[in-house]
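[1] My questions are about this predicted structure, shown below with the sequence.
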Amino acid sequence: FHFLWWQNNLLLVFCDVGQGDTTLVAMGSVQLLVDAGPNDAVLLCLEKNMPFWDKKIEFFVLTHMDSDHIAGAPQVLEHFAVDFLLINPSSKETSDFKLLEQALSRKQKKGTRILHTFLGQDFSLHPQVVLKVISPKTTFKNSFSETLLSDKNEVNLTKKESKISENDLSIALLLQFKEISVILPGDLEGEYELALITHGLPSRLSLLKAGHHGSKTSSDAQFIEVLQPEVAVISSGENNVYGHPHPQVIENFAQFGTAVYQTKLSGELRFVSDGHFFWEQRL
């Protein structure tokens, strides 16, 4: 049974949810879900890539409150237990946001802890798999690292006070597993994406999930030149109205020899790593 050999390997799944984002990270029996896409397609991805007996997601991160990242979240919360949900303060006058608020309220009563992230916060999926928050810079808490999420960080979903765009409030994560490093930047754009460079990132990145679905406002050539990612994954929908990914973004990656994978061309994308190498896996 193919789930059993996860114990010593890291699994990265970039779900095919159309024009949106969902990434599943699994190590052993522990899962991290980053975003939930624009609809309930996230459930199909989880059903395919999690053991049928595992109905708990340890860490669920919603990078920001745009509908193409959160609309599937109430369905996830309905079908799975969630230990920790990480979120940034935000408010959107959308039906998807209101449905999320209602789902979170129900889930809190069942023991899910909702926490705000802060720059430099880290947490572990496994003794050798560490995730670090590398954006945004927030004022909720002084920046320091911790390996366990504490009660002091627990907060309720609140309205944002900043005038920063929803995209640039995205929670960006750096995942490190031995020699392998991965960045999941949400929809960070422009200067906020470039600001990641100042956070002590690896000199040679293993994998980058391209920001904002391959929009030309992200994946700047300077950013790619610094990170030198071996692989980039672009999550966007077939024939999407935005024209994602932008040809300039594809050219930027090509300029630095980065191999580009796209969900709109290949569907769901799976990568496996032993901590030293990583490779695409097709089921």
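    Done, it's in.
[2] Touching, residue 218 and residue 211? I think so.
    Yes. Here residue 218 reaches residue 211: they are 3.3 Å apart, a contact under C-beta atoms under 8 Å. C-beta coordinates here come from the backbone N, C-alpha and C atoms, glycine included.
[3] So residue 76 versus residue 220, what's the distance?
    Distance from residue 76 to residue 220, counting by C-beta to C-beta, to the nearest Å: 32 Å.
[4] Excluding chain neighbours, what is closest to the residue positioned nearest the centre of the chain?
    Against the mean C-alpha coordinate of the chain, by C-alpha atoms, centre = their mean, the closest residue is residue 34 at 3.6 Å. Residue nearest to residue 34 in three dimensions, not counting chain neighbours: residue 23, with 4.3 Å by C-beta to C-beta, 6 or more residues apart in numbering.
[5] contacting residues around that neighbour?
    Shown in contact with residue 23 (C-beta atoms under 8 Å, 6 or more residues apart in numbering): 12, 13, 14, 15, 33, 34, 35, 184, 209, 235.
[6] Residue 227: which of the residues you listed is nearest?
    residue 209 (11.9 Å; C-beta to C-beta).
[7] Give me the contact list for the lengthiest helix in the chain.
    Longest helix in the chain by number of residues, with DSSP state H as the criterion: helix 95-108. Residues outside helix 95-108 that contact it (C-beta under 8 Å, 6+ apart): 62, 65, 67, 70-71, 73-74, 77-78, 82, 85, 90-91, 112, 114, 157.
[8] Show me which pair in these is furthest apart.
    Every pair of these checked by C-beta to C-beta; the farthest is 78 and 91, at 22.5 Å.
[9] So for those two, which sits in the more crowded spot?
    Between residue 78 and residue 91, counted using other C-beta atoms under 10 Å, residue 91 has the larger neighbour count: 15 against 12.
[10] Check that one and give its pLDDT.
    pLDDT, residue 91: 66.
[11] before we move on, what about residue 146?
    Reported pLDDT for residue 146: 36.
[12] average model confidence for the longest helix of the chain?
    90.
[13] helix or strand right after it?
    For helix 95-108, the following helix or strand on the C-terminal side (DSSP states H and E) is strand 113-116.
[14] Can you tell me which helices and strands that next one packs against?
    strand 81-87 (3 or more C-beta pairs under 8 Å, 6 or more residues apart in numbering; DSSP states H and E).
[15] From residue 271, how far off is residue 107?
    Taken as C-beta to C-beta, the span from residue 107 to residue 271 is 30 Å.
[16] which stretches of this protein have low pLDDT?
    1-7, 91, 137-163 (pLDDT under 70).
[17] Residues contacting the helix or strand that contains residue 265, please?
    Per DSSP H and E, residue 265 falls inside helix 263-266. With contacts defined as C-beta under 8 Å, 6+ apart, helix 263-266 is touched by 14-17, 233-238, 240, 244, 269.
[18] Please point out which parts of that helix sit buried.
    For helix 263-266, a neighbour-count test (16 or more other C-beta atoms under 10 Å) marks 263, 264 as buried.
[19] Count residues in the vicinity of residue 42, would you?
    If we define neighbours as other C-beta under 10 Å, then residue 42 has 25 of them.
[20] ditto for residue 210
    Residue 210: 28 neighbours (other C-beta under 10 Å).
[21] In this structure it contacts residue 233, no?
    Yes. With contact defined as C-beta under 8 Å, residue 210 reaches residue 233; the gap is 6.7 Å.
[22] one step back: among the contacts of residue 23, which ones are in strands?
    Judged by DSSP state E, the subset of the contacts of residue 23 located in strands is 12, 13, 14, 33, 34, 184, 209.
[23] of those residues, closest to residue 27?
    residue 12 (10.1 Å).
[24] Would you mind pulling the contact partners of stretch 41-61?
    3, 11, 13, 15-18, 22, 24, 26, 29-36, 72-73, 75-76, 79-87, 117, 123, 125, 131, 171, 173, 268, 270, 283.
[25] again, 6 Å this time
    3, 13, 15, 17, 22, 24, 30-34, 36, 72, 75-76, 80-86, 171 (C-beta atoms under 6 Å, 6 or more residues apart in numbering).
[26] same question, stretch 219-229
    Everything outside stretch 219-229 that qualifies as a contact, by C-beta under 6 Å, 6+ apart, is 193, 194, 197, 204, 205, 208, 210, 249, 252, 256, 258.
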